[in-house]
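Colleague: sharing a sequence plus its predicted fold:
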Amino acid sequence: MAKIAFIGLGVMGGPVAGHLAKAGHELSVYNRSIAKAKAWNEAHGGTVAISPAHAAQGADIVISCVGNDDDLSAVTMGKDGAFRSMASGSLFIDHTTVSARIARQLFVEGESRGIHCVDAPVSGGQAGAENGRLSIMCGGTEPAVNAARIVMGCYAARIVHVGAAGAGQTTKMVNQICIAGVLQGLSEGLRFAQAAELDMDKVFEAIAGGAAQSWQMENRWKTMAQDSFDFGFAVDWMRKDLGLALEEARTSGATLPVTAMVDQFYADVQALGGGRQDTSSLVRRVTRA
């Protein structure tokens, strides 16, 4: 069993760390909110650290799941960051969705300290984290990713090594681009069915087994039809992710017209007060007939 430092115990990080504890790994946890870290500790054991650097002392593996580039930079390279106390030969795994730029920066910084880094954003949402069924897309060297697989297997249904440092993050951008387009189509189709006064359950039964089927349809059709959105992956976070994709596209020369449009539609949802609602709340801005 490994000695693991886990940084960030939010809706994704908390359940993921719980799977590691259940598997018998020795955990030291850090969260910006000490109350959340103590609550996790009461439920799962381990120890509570006062800083990322404190959590990382003596750890074989450090795993982070925080909010954005600035958060990730602070918990790794900040004055109390984990890199300051990580030993040469240790492994750093990041599950935050961030820019490919910072993933590559951390890889270079890690190499200079003898730390093996893997950027490993996840897909599957809160339910995937809680059920240990996440899909993980990894960037980094093959030896580092293979080492990371050993612990990630505690909470993943699929682990794919996509390429070099940063490739995990750019693949997560592909994931979010695809979700945005699917949800807009699903929103329009659902409102169209409602305008036609169709039986929504029968419509779902008819189309969910055909070419229109998607994870979003299977998991969000019924709640969208009920205007129920107080769960899941927040619009605020989706806008952050789409912003990363649009920024990367400007750098690479890719064009993302639909993604840019849906990003602005999500801005409309935020203006309606839906920033913390699930991404399926995109349907709110499609006018009912």
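Modeller: That came in fine, so what should we check first? Numbers count the residues shown, from 1 in each chain.

Colleague: report the buried residues of the helix or strand bottoming out on mean pLDDT in the chain.
Modeller: None of the helices or strands of the chain scores lower by mean pLDDT, DSSP states H and E than helix 125-131, at a mean of 93. Residues of helix 125-131 classed as buried: Gly125, Gln126, Gly128, Ala129, Glu130 (neighbour count, 16 or more other CB atoms under 10 Å). Yep, even glycine has a C-beta here, placed from its N, CA and C like the rest.

Colleague: alpha carbons only: can I get the next helix or strand after that helix in CSV?
Modeller: Following helix 125-131 in sequence order, the next helix or strand is strand 134-139 (DSSP states H and E). The C-alpha trace of strand 134-139 is given here as CSV (Å, rounded to 0.1, in the frame of the first residue of the first chain):
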residue,chain,number,x,y,z
LEU,A,134,-14.4,7.6,-13.8
SER,A,135,-12.8,7.9,-17.2
ILE,A,136,-9.2,9.3,-17.0
MET,A,137,-7.2,10.8,-19.8
CYS,A,138,-3.5,11.0,-19.1
GLY,A,139,-0.5,13.0,-20.3
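
Colleague: tell me what strand 134-139 is packed against?
Modeller: Counting contacts by 3 or more CB pairs under 8 Å, 6 or more residues apart in numbering; DSSP states H and E, strand 134-139 is packed against helix 100-113, strand 116-119, strand 122-123, helix 142-152, strand 156-163, helix 167-195.

Colleague: same list, the ones you listed, but as JSON lines with mean neighbour count please.
Modeller: JSON lines is the format used below for the helices and strands packed on strand 134-139 (neighbours: other CB atoms under 10 Å):
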{"stretch": "helix 100-113", "mean neighbour count": "18"}
{"stretch": "strand 116-119", "mean neighbour count": "28"}
{"stretch": "strand 122-123", "mean neighbour count": "21"}
{"stretch": "helix 142-152", "mean neighbour count": "18"}
{"stretch": "strand 156-163", "mean neighbour count": "17"}
{"stretch": "helix 167-195", "mean neighbour count": "19"}
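
Colleague: distance to Pro257 and mean pLDDT added to those, as JSON lines?
Modeller: Converted to JSON lines, the helices and strands packed on strand 134-139 look like this (distance: least, CB to CB, whole Å; pLDDT from 0 to 100):
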{"stretch": "helix 100-113", "distance to Pro257": "21", "mean pLDDT": "98"}
{"stretch": "strand 116-119", "distance to Pro257": "27", "mean pLDDT": "98"}
{"stretch": "strand 122-123", "distance to Pro257": "23", "mean pLDDT": "97"}
{"stretch": "helix 142-152", "distance to Pro257": "34", "mean pLDDT": "98"}
{"stretch": "strand 156-163", "distance to Pro257": "25", "mean pLDDT": "98"}
{"stretch": "helix 167-195", "distance to Pro257": "10", "mean pLDDT": "98"}
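
Colleague: need the ones you listed in CSV with distance to Phe92, can you?
Modeller: Listed next are these as CSV, based on distance: least, CB to CB, whole Å:
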stretch, distance to Phe92
helix 100-113, 6
strand 116-119, 5
strand 122-123, 16
helix 142-152, 9
strand 156-163, 16
helix 167-195, 13
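
Colleague: Phe6: which of those is closest?
Modeller: Among the helices and strands packed on strand 134-139, the nearest to Phe6 by CB to CB is helix 142-152 (10.3 Å).

Colleague: circling back to that earlier point, residues touching the least confident helix or strand of the chain, excluding its own?
Modeller: Contact with helix 125-131 is made by 11-12, 14-16, 122, 133-135, 155, 157, 219, 231-233, as judged by CB atoms under 8 Å, 6 or more residues apart in numbering.

Colleague: so how do I select the buried members of those residues in ChimeraX?
Modeller: A single ChimeraX command selects the buried members of those (16+ other CB under 10 Å):
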select :11,12,14,15,16,122,134,135,155,232,233
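
Colleague: gap between the least confident helix or strand of the chain and the chain center?
Modeller: 10 Å (CA atoms, centre = their mean, to the nearest Å).
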